[in-house]
Each structure stands twice: as structure tokens, then as C-alpha cells.
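K.L.:
Following is a predicted model, sequence given first.
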Amino acid sequence: MIRFEQVSVRYEGTDRPTLSGIDLTIPEGELVLLVGPSGVGKSTLLGAVSGLVPHFTGGTLSGRVTVGGRDTRTHKPRELADLVGTVGQDPLAHFVTDTVEDELAYGMESLGLAPDVMRRRVEETLDLLGLAELRDRPIATLSGGQQQRVAIGSVLTSHPKVLVLDEPTSALDPAAAEEVLAVLQRLVHDLGTTVLMAEHRLERVVQYADQVVLLPSPGAAPVTGTPQEVMALSPVHPPVVALGRLAGWSPLPLSVRDARRGAGGLRARLADAAATLDGAFALSRTRAAVPAPPASGERAPGRSTGRGKGRAGEQFIRLLRRRPSTPPPGPGAPTPPEPPASASAAAARTPSAA
């Protein structure tokens, strides 16, 4: 459906190309996720599919990008509108009318479709995206998720085979993002639409992707594979993938649900590690409870060897030496003074009354 053949893009005033020698094929009817660090050319690659690059953005595009057999170098965005629909991260920037129904019809009016065709497609799109109850609502009164669904619907009425989205959920809360992603899955699974999407909130969308395309750095060749394959080496990845890497899981989890399924072994390993630490701590307490007598000329344990440390050391040694049967002092109780060393020695020499 989408084919890149040795595609390079260079903008005026730049020292190096944003894209260089891209060879890439995106099959029909799949949701393909485009990922990579900021500044690697994700938006440029999307624009090359829709024809915005270079017809709108300027710059020089060498190589060849074809969508459904049409060369985007020789077809302007208007000539690709029936084949490629484009939606950005700010839906308000796309709207040209005031109400939902008018916005869905506007694109078809621009293409000169017959009124009966327009009415039928508007009804189909309203039902498909769950917007039927909002048809007469002013767009400005809708939530972020509803506005993004309207933006998607406004390009779907032209029946494009390819939908290009640049971070469609980045400005949405989790609930609104789920609404949009549910719509995209329906388009792919029910209508066979090819969806090419760039998104930096990977934890929301990576589990829904059929393929992932990684642009590792500006001008670098893309890496293509399944989500698990690409996430294993991607410099950008969701937190759950980072957990899977640390735990050594294979395949890597793509969602919290996947992580729960593989957490049994990790929990057992953590329990074993905790038991080992508990045993080591108990052994250290046992050794500390019977300290060796200080050698001649050495300072007794707990005595001050530096500023502010003596008092804390004495209290710590006192806690370690306390017998289990001796209850701890209550809150506010004074700490009993230690007998002088001379008194202790005298008591040891005094014979017992018994």
C-alpha cells in the first residue's frame, strides 16, 4: 500500500538530511506505529505519505514515495485526499465549520460529491464513530476525545484507504485516548484501513500495533518488526517494557495485562531475594549482640569517634545488646545511665551474699 524507495528529505538551511535512503513497505490493512526519539524525522516521514512533504513544507525530496500506486511527488495533497486522510495532534487546527455534521460533510463538498452520497456517508461515519448523538453539537463544546473522533470522521467520509496520524492521543487524557484508539482498531479490523501513526505515549498504543517502525536517529535506516522485536532494542519504550527488560522476560510485555501474566516467576524470585536478605540481616544482628572485647588501647564500641556520632552509636549498641525479655523503654522514658567502669569492676570483685 505504501512504498518508500531510497527516500531522502533535506530542508533548506540544514547541514544533513532529515531522512536518508529510506526503504520501507507498509502493507494494506495494518496498524503501523512509527517510533523514535524526538527530531529523527517521524513527522517528515508521515508528511511524505500525505504529500505535505515537500509540496507544503518545502525542502527537497529525492527517491520515490507511492501510496496505492500514486507518486506523492507528482500528486499534490488535494489529489491524494480521496486516498490519504491526515489527522494531527490538535483537532481544533483542522476544523473549518461549527457543528459535527457540517464538519463531516465539508471534505466531501470540497471533492464535489453528490448530495445523496454525502448524506449516506455522513450517517455511516456518525454510526461508525459513535457520534450520532452529537451531530448537532457545536464542536467547541465537545471533549478532547470527541473532537479527535470528529477530526478522524472528517477525513473518513472521503473513504481514504490510508489514515496518517501524528500523535493523535498526546493531548488527550487516558479515557479520551482509549476512545480514539478503539476507533482506530475498528477502522483496521472492520474496514481494512491502513493506519500509519506516530505516537510518543507508547504505553497507550504499542499493544495494538501490527508492526512497529523505529527511526533510531536522524538519517538512520528504519528498523521494522513486531512490537516485541522492536521494543527489545528501541531507545524509547513504555515503562512496562523497561520492567520486562530488567526481569529478562521473553517475549517482552506490551501492556500491564501482559506483565501480570508473567509476574509469577518474578514474584518468586523477589520472595527468594527477600528471604536471603532477612537471613543476612538476622545473622548480622546475632553477631552484633555478642561483640568482641576491645583490645588494649582501643575505644569501646559506641564511643564517639567523630562529631555527633558517639551518642547515636551508644544508642544503637544498647539496642543490639538488649535481651529479648527486656521491654523497650516507653516514650519519653529517660535512658538509664551506664555504671562507671570502676564501679562495675568493684562489683565484680565483691563476693556474693549467698
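P.N.:
Yes, it's here. Numbering: from 1, shown residues only.
K.L.:
What lies in contact with stretch 48-62?
P.N.:
2, 4, 6-12, 18-19, 44, 47, 65, 67, 72-73, 75-77, 79-80, 84, 86, 162, 164, 196 (C-beta atoms under 8 Å, 6 or more residues apart in numbering). For every residue, glycine as well, the C-beta is placed using N, CA and C.
K.L.:
Any of those buried? List them.
P.N.:
With burial judged by 16 or more other C-beta atoms under 10 Å, the buried subset of the contacts of stretch 48-62 is 2, 4, 7, 9-10, 18-19, 44, 47, 65, 67, 72-73, 75, 77, 80, 84, 86, 162, 164, 196.
K.L.:
Could you tell me the end-to-end distance of stretch 156-174?
P.N.:
23 Å (C-alpha to C-alpha, to the nearest Å).
K.L.:
and it, which residues are buried?
P.N.:
Residues of stretch 156-174 classed as buried by neighbour count (16+ other C-beta under 10 Å): 156-169, 171-172.
K.L.:
Name all residues that make contact with Gly225.
P.N.:
Residues near Gly225 by C-beta under 8 Å, 6+ apart: Gln211, Val212.
K.L.:
What distance do you get for it to Leu191?
P.N.:
When C-beta to C-beta, to the nearest Å is applied, the distance between Gly225 and Leu191 equals 25 Å.
K.L.:
Over to Thr57?
P.N.:
29 Å.
K.L.:
Over to Phe4?
P.N.:
24 Å.
K.L.:
and if you look at Gln89?
P.N.:
Applying C-beta to C-beta, the value for Gln89 to Leu191 is 23 Å.
K.L.:
Looking at those two, which one has more neighbours?
P.N.:
For Gln89 versus Leu191, the count of surrounding residues by other C-beta atoms under 10 Å is larger for Gln89: 18 against 13.
K.L.:
and Met197, that one's in a helix?
P.N.:
No. Counting by DSSP: H, G, I helix; E, B strand; the rest coil, Met197 is not found in a helix; it is strand.
K.L.:
Residue ranges of each domain in the protein, please.
P.N.:
Using automatic domain parsing, the domain parsing of the chain gives 2-227, 236-266.
K.L.:
and the longest one, how far from the chain's centre?
P.N.:
It stands for domain 2-227. Distance of domain 2-227 from its chain centroid, counting by C-alpha atoms, centre = their mean, to the nearest Å, is 20 Å.
K.L.:
Just the terminal-to-terminal distance for that domain.
P.N.:
19 Å.
K.L.:
Which ones among the buried residues of stretch 156-174 map onto strands?
P.N.:
Members of these lying in strands (criterion: DSSP state E): Val162, Leu163, Val164, Leu165, Asp166.
K.L.:
Any regions of the stretch 101-250 of the chain where pLDDT drops low?
P.N.:
Along the stretch 101-250 of the chain, segments meeting pLDDT under 70 are nowhere present.
K.L.:
Strands of that one, start to end?
P.N.:
162-166, 194-198, 211-214, 223-225 (DSSP state E, counting those that start in this stretch).
K.L.:
could those go into TSV alongside distance to Pro235?
P.N.:
As requested, the strands of the stretch 101-250 of the chain are exported to TSV (distance: least, C-beta to C-beta, whole Å):
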stretch	distance to Pro235
strand 162-166	20
strand 194-198	15
strand 211-214	9
strand 223-225	11
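K.L.:
Quick check: which of those is nearest to Phe95?
P.N.:
Closest to Phe95 of these is strand 162-166 (C-beta to C-beta; 16.1 Å).
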